[in-house]
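Q: Here is a sequence together with a model predicted from it:
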Amino acid sequence: MAENVLYYGDNLEVLKKYIADDSIGLVYLDPPFNSNRDYNVIFGESGDPNADAQRMAFGDTWHWTKQTEEAFNELGQIAPPRLVEMMNGFVSMLGRNDLTAYLMMLGGRLVQLHRVLKPTGALFLHCDPTASHYIKVMLDAIFGRDKMINQFTWKRSSAHSDAKQGAKHAGRISDIIFWYAKGDEWTHNIQYIPYSKDYIKSTYNHTEEGTKRRYALDNLTGPGGKRKGNPEYELMGVTRYWRYSKENMDVLLREGRIVQDKPGKVPRYKRYLDEMPGVALQDIWTDINPVQGRSKEWLGYPTQKPIKLLERIVKMASNPGDKVLDPFCGCGTTIAACESLGNRNWIGIDITFLATSMIENRLHTQFPGSQYRLIGQPNTISGARELARQDSEEFEYWALRLVGASSPRPTSRSRASRVSTRRCTRR
């Protein structure tokens, strides 16, 4: 079995250095994005004296800097021409500001993620509606418009309202998840969700004596009758064009699956509730609750996603033995989903030591004996000095873990949820 790997570092550099072309079966990413306030705050040009108070939502996230400008120029050399044209259009239309700096960060990484996907691979990108329209255009430019399979809406909260604080909008309770394929063929394992109580009550409204199994009575006649080639014969005194051959119908009769309420009435098929898989998954997901403080899953991570959400995606879009990549792996829910299923390989990348140490703790606690390699953290004195020079806070987390001390739990304002031009943390 191929090894699992957790990388500490900037995911753009890790993708370029370590991840081979056409090697990944499934990518899931939930990029960092701060949308706690009105989204119109980010359209002011950098340097506009009237824009400072309007950029509060992105005050400690993304800014257009000299490094962003360099990344913009580099993107023009490595990205598909239509993506370059689109990014030029974004900058021309929106200006050099926090939004376009964020899109610039994401664009370069999406190009690399497209590269590492297998021809049959797929990408799921999780975002919120405030930026989803820009991101979709980027994905269309990189993957192709015809490669979007689905846009899912996940209801992540039952209700939310800021009306008492003066908000003039309806409650924002959903996230968007895009599903794109790299090629013309991709993995799709149909997922099912349970029937609603109302549906069961109205449809499976019979109970079998003795077994107490619930069942519905279904039509046995052949759709289209003679015109569709359905066989005609007599069944329990009734002649019709039936959907089953006489031989198969006799088998159903012996199994007790044919019900006739009274002589002369058209027989019907007995369909048991416990034999049905449920409703095939649709593109609006309301059945998975978010992770909250009182949940057993809760790790104290501000943007933690429920493992059921990631298990659904992994099962739906990959097969046993496939390699799953999460380039913004945060507290490791994608990794946990792969471990829980027990038959997928995984690669996780994050740029904070807090995140990678939390993932290691999660693996050791929830999945003892799990095998993986950790790459990128300092293992020499010179490496430790370099980390301290680059990022004193990351060095602090690394040093605390090294001596067995506990690190502070992340909060909504902690390093775990703050973002810079090299941040890569979400779950």
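A: Received the coordinates, thanks.

Q: Every contact and neighbour count from this point should use C-alpha atoms.
A: Fine.

Q: all strands for the stretch 251-400 of the chain, in order.
A: Counting by DSSP state E, counting those that start in this stretch, the stretch 251-400 of the chain has these strands, from start to end: 258-259, 268-272, 279-280, 284-285, 323-326, 345-350, 373-375.

Q: Show me what Val5 bridges to in the sheet.
A: Val5 has these beta-bridge partners by DSSP bridges: Ile347, Arg373.

Q: Run a quick check on it versus Arg373, I expect a contact.
A: Yes - between Val5 and Arg373 there is a contact at 4.8 Å, judged by Cα atoms under 8 Å.

Q: any idea how far Thr239 is from Lys246?
A: Relative to Lys246, Thr239 is positioned 12 Å away (Cα to Cα, to the nearest Å).

Q: same check, this time on Met104
A: 65 Å.

Q: Have a look at the two and say which one is more surrounded.
A: Counted by other Cα atoms under 10 Å, Met104 and Lys246 do not tie: Met104 has more neighbours, with 21 against 15.

Q: Enumerate every residue touching the more buried one.
A: Thr68, Ala71, Phe72, Met87 (Cα atoms under 8 Å, 6 or more residues apart in numbering).

Q: how about CSV for those residues, with secondary structure added?
A: CSV is the format used below for those (DSSP: H, G, I helix; E, B strand; the rest coil):
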residue, secondary structure
Thr68, helix
Ala71, helix
Phe72, helix
Met87, helix
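
Q: For those, please prepare a markdown table with the additional fields neighbour count, distance to Trp285 and pLDDT.
A: Below are the contacts of Met104 laid out as a markdown table (neighbours: other Cα atoms under 10 Å; distance: Cα to Cα, whole Å; pLDDT from 0 to 100):
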| residue | neighbour count | distance to Trp285 | pLDDT |
| --- | --- | --- | --- |
| Thr68 | 19 | 36 | 87 |
| Ala71 | 16 | 36 | 85 |
| Phe72 | 21 | 36 | 87 |
| Met87 | 22 | 31 | 92 |
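
Q: Specify which member of the residues you listed is nearest to Gly121.
A: The closest of these to Gly121 turns out to be Met87 (Cα to Cα; 25.1 Å).

Q: Which secondary structure state does the nearest residue to the closest one once chain neighbours are set aside sit in?
A: Nearest non-adjacent residue to Met87, counting by Cα to Cα, 6 or more residues apart in numbering: Met104, 7.6 Å away. Each residue gets one of three states, and Met104 gets helix by three-state DSSP.

Q: Kindly report the same for the one 5 residues further on.
A: For Arg109, the reduced secondary structure class is helix; criterion used: three-state DSSP.

Q: quick one: it and Pro81, what's the gap?
A: To Pro81, Arg109 is 16 Å away according to Cα to Cα.

Q: Between these two, which has more neighbouring residues?
A: Arg109 (18 against 14).

Q: List the contacts of Arg344.
A: Neighbour list for Arg344: Asn319, Pro320, Gly321, Asp322, Lys323, Val324, Cys338 [criterion: Cα under 8 Å, 6+ apart].

Q: Thr334 versus that one, what's the distance?
A: 11 Å.

Q: same question, Thr286
A: Taking Cα to Cα as the measure, Thr286 falls 20 Å from Thr334.

Q: Looking at these two, which one has more neighbours?
A: Thr334 (31 against 13).

Q: Which strands border the longest strand along the chain, and is each parallel or antiparallel?
A: In the chain, with assignment by DSSP state E, the single longest strand is strand 117-127. As defined by DSSP bridges, the strand partners of strand 117-127 come to strand 24-29 (parallel), strand 174-181 (antiparallel).

Q: The longest one: how far from the chain's middle?
A: So the one you mean is strand 174-181. Centroid separation for strand 174-181 versus its chain: 7 Å, with Cα atoms, centre = their mean, to the nearest Å.

Q: which SSE is the closest residue to Asp98 other than its chain neighbours in?
A: Once flanking residues are discounted, Asp98 sits nearest to His63: 4.6 Å by Cα to Cα, 6+ apart. Under the criterion DSSP states H and E, no helix or strand holds His63.

Q: His63 touches Met105, doesn't it?
A: No - taking Cα under 8 Å as the definition, His63 is not a contact partner of Met105, at 10.5 Å.

Q: and the contacts of Arg344, which are buried?
A: Burial by neighbour count, judged by 16 or more other Cα atoms under 10 Å, picks out Asn319, Asp322, Lys323, Val324, Cys338 from the contacts of Arg344.

Q: Would you format those residues as a markdown table with pLDDT and distance to Leu252 included?
A: A markdown table is the format used below for these (pLDDT from 0 to 100; distance: Cα to Cα, whole Å):
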| residue | pLDDT | distance to Leu252 |
| --- | --- | --- |
| Asn319 | 96 | 35 |
| Asp322 | 96 | 40 |
| Lys323 | 98 | 44 |
| Val324 | 98 | 44 |
| Cys338 | 97 | 41 |
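
Q: Let's see stretch 228-238 as CSV, backbone CA atoms only.
A: Below are the C-alpha coordinates for stretch 228-238, written out as CSV (Å, rounded to 0.1, in the frame of the first residue of the first chain):
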residue,chain,number,x,y,z
LYS,A,228,-42.7,-1.4,-25.6
GLY,A,229,-42.6,-5.2,-26.0
ASN,A,230,-44.0,-6.1,-22.5
PRO,A,231,-45.3,-9.7,-22.3
GLU,A,232,-49.1,-10.3,-22.1
TYR,A,233,-50.4,-13.1,-19.9
GLU,A,234,-52.9,-13.9,-17.1
LEU,A,235,-51.9,-13.3,-13.5
MET,A,236,-54.2,-14.2,-10.7
GLY,A,237,-57.2,-13.9,-13.0
VAL,A,238,-56.1,-10.6,-14.5
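
Q: Mind listing the residues bridging to Tyr180?
A: Leu123, Met148.

Q: Tell me the secondary structure at Asp140.
A: helix.

Q: residues in contact with it?
A: Shown in contact with Asp140 (Cα under 8 Å, 6+ apart): Asp146, Lys147, Met148.

Q: Drop anything exposed from the residues you listed.
A: So, by 16+ other Cα under 10 Å, the buried ones in the contacts of Asp140 are Lys147, Met148.

Q: which residue sits closest to Arg109, ignoring its sequence neighbours?
A: Closest residue to Arg109 in three dimensions, ignoring its sequence neighbours and counting by Cα to Cα, 6+ apart: Leu12, at 5.8 Å.

Q: Might you report the residue contacts of the one you found?
A: With contact set as Cα under 8 Å, 6+ apart, Leu12 has these partners: Gly108, Arg109, Gln112.
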